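In: Give me coordinates for this.
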Amino acid sequence: MNVGDEKGAILDSIVCEVKPSVMLELGTYCGYSTVRIASMLPPNARLLTLEFNPAYAAVARQVIAWAGVEDKVVLIEGPSGDWIPKMKEEFGVTSFDLECGLLRTGSILLADNVICPGTPEYLEYVRGSPRYESKYFRSHLEYTRVEDGLEKSVFLGDHRYRGRSLL
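Out: Numbers count the residues shown, from 1 in each chain. Below you'll find the model as predicted:
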């Protein structure tokens, strides 16, 4: 729920490398990663962040406002399963999510906590699919020595792109 300083540095470098124009964050919590991401976004870019818990969303709104990045952030309250299918209609988003046909070739997924608590099914899927090229960034569970990490997966689209390195 908290990206922390070590993983935050990895997140920062990926956001700076990619320079996204539209980004989606699933789970805002207190807004720490939201503020980190928004502060690294290029001008005119925006971050859509989804938070299910109304209490977390209220805190995150205050943190986002205090950090002065509310011009780049749209905090959406409610279940991601309800909101993701409406991204085109509600926010004019044309790409970022596979289930709704919004993931385009070159889209990047960055998953946290892939070791602790772990996401074995997700890792098996992105690492085994010819539609993704993935790279693991070793890190630690926030403020501990417990191994954890981030998985960066580039959506390659059609399987014929499998041999091409995008990282």
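In: CA atoms for contacts and neighbours, from now on please.
Out: Fine.
In: Could you grab the helix/strand/coil label for the residue nearest in space to the middle of the chain?
Out: For the chain, the residue nearest the mean C-alpha position is Glu25 (4.4 Å; CA atoms, centre = their mean). Of the three states, Glu25 takes strand under DSSP: H, G, I helix; E, B strand; the rest coil.
In: Now for it: which residues touch it?
Out: Neighbour list for Glu25: Thr34, Leu47, Leu48, Thr49, Leu50 [criterion: CA atoms under 8 Å, 6 or more residues apart in numbering].
In: Check what pLDDT it gets.
Out: pLDDT for Glu25: 94.
In: how many neighbours does the residue nearest to Tyr56 when sequence neighbours are not counted have?
Out: The shortest distance from Tyr56 to any non-neighbouring residue, by CA to CA, 6 or more residues apart in numbering, is to Tyr29 (5.2 Å). Look at Tyr29: counted by other CA atoms under 10 Å, it has 22 neighbours.
In: Please state the backbone phi and psi of Glu77?
Out: phi -100, psi 130 (degrees, to the nearest 10).
In: Great, nothing more from me.
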